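no letters, just coordinates:
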Ligand SMILES: N[C@@H](CCC[C@H](N)C(=O)O)C(=O)O
């Protein structure tokens, strides 16, 4: 009798890319039809710098029409940035991420240079892509909720400005960026009710007229070398501290924000919209072994 051998089809490898914007780095997972299961443990595993690929976050690239959180935006944008922090949590928005997301679409040949709409959990963002140069994103308006907030590190305490850029930020002006310490842990803030879902905390010093430098502890990650929404929050907080409000004067205000991984330029316009310009780089492409993902899901990767 003939033996019939049934070959089990091996699960297909999953494509990924690695990219960064001012050294805020991301694992990019193209998944146009939203076919992949990416639970928090898998995202955290992929972002792990020793056991995984490594990144401050993950950009899941999905068509709006295929994702329940983005379907309503499908008329305005084809692509949805399903952003995840390195610990697997979901965030509303990522400023460096949206530039890298757009650069990926250009790199893949999906879009050319020029203007592009990208859907995010904070709505549709309009991006302008230079062929090889910087990427500019219209980030929407900054909201500055009233109320006093303080943040502290190693027994030092500072008043902070609460700025919402779609995601929450506490911006503290300090005398020296070294005062933020190692930033291994999230800086405690007060009152506890100010940020029920956690917060990104920026520490800022002046470098010159309309020029500041910052360090950041990102919610769901750790200290990162840059944060785009954070740089926007910092620019708006610095402008208000310096008595500049484009909505009052009718003139745009531009700040240069130095981050550990480079430089971002932020302009606030009289209509309140905030524009960010900075680099976005694709570094590598590869394949994820599906059996590794299975191991992470079963807790033994
Ligand atoms: N790195 C990002 C912000 C990512 C999200 C943030 N950690 C949050 O939880 O809000 C940026 O460039 O804006």
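The structure has been received and is ready for your questions. None of the values given here were measured: they were computed from a predicted structure.

my guess is residue 47 contacts residue 41. True?
No. Judged on Cβ atoms under 8 Å, residue 47 makes no contact with residue 41 at a distance of 11.0 Å. Bear in mind the C-beta positions are built from the backbone N, C-alpha and C, glycine included.

more neighbours, those two?
Shown here are residue 47 and residue 41; by other Cβ atoms under 10 Å, residue 47 has more neighbours (24 against 15).

quick one, helices of the stretch 1-150 of the chain?
Counting by DSSP state H, counting those that start in this stretch, the segments of the stretch 1-150 of the chain that form helices are 40-47, 95-107.

returning to that earlier point: now do the shared contacts for residue 47 and residue 41.
Residues touching both residue 47 and residue 41 (Cβ atoms under 8 Å, 6 or more residues apart in numbering) are residue 88.

these two touch, right, residue 285 and residue 16?
Yes. Using Cβ under 8 Å, residue 285 makes contact with residue 16 at a distance of 7.4 Å.

hey, which of the helices of the stretch 1-150 of the chain is tucked in deepest?
Of all the helices of the stretch 1-150 of the chain, helix 95-107 carries the top mean neighbour count, a mean of 26, counting by mean count of other Cβ atoms under 10 Å.

anything in that helix near the ligand?
Yes. Using Cβ under 6 Å from any ligand atom, a contact is recorded between helix 95-107 and the ligand, made by 95, 96, 97.

and stretch 189-199, by the same measure?
No. Shown here: stretch 189-199 not in contact with the ligand (Cβ under 6 Å from any ligand atom), separated by at least 6.9 Å.

what do you get for stretch 169-181?
No. Contact of stretch 169-181 with the ligand (Cβ under 6 Å from any ligand atom) is absent, the minimum separation being 8.0 Å.

outside of that stretch, which residues touch it?
If you take Cβ under 8 Å, 6+ apart as the criterion, stretch 169-181 is touched by 149, 151, 153-154, 156, 158-163, 187, 189, 194-195, 199-206, 213-215, 217, 229-230, 233-234, 237-238, 241.

tell me which of these fall in helices.
Among these, the members found in helices (DSSP state H) are 229, 230, 233, 234, 237, 238, 241.

residue 285 and residue 16: which is more packed in?
Taking other Cβ under 10 Å, residue 285 and residue 16 do not tie; residue 16 has more neighbours (19 against 15).

for that one, give its distance to residue 52.
10 Å (Cβ to Cβ, to the nearest Å).

anything in contact with each of the two?
With Cβ under 8 Å, 6+ apart as the test, residue 16 and residue 52 both reach 27, 46.

which parts of the stretch 51-200 of the chain are strands?
In the stretch 51-200 of the chain, strands defined by DSSP state E, counting those that start in this stretch lie at 57-63, 79-85, 114-120, 123-129, 135-141, 149-153, 156-164, 168-173, 189-190, 200-208, listed in chain order.

great, nothing more from me.
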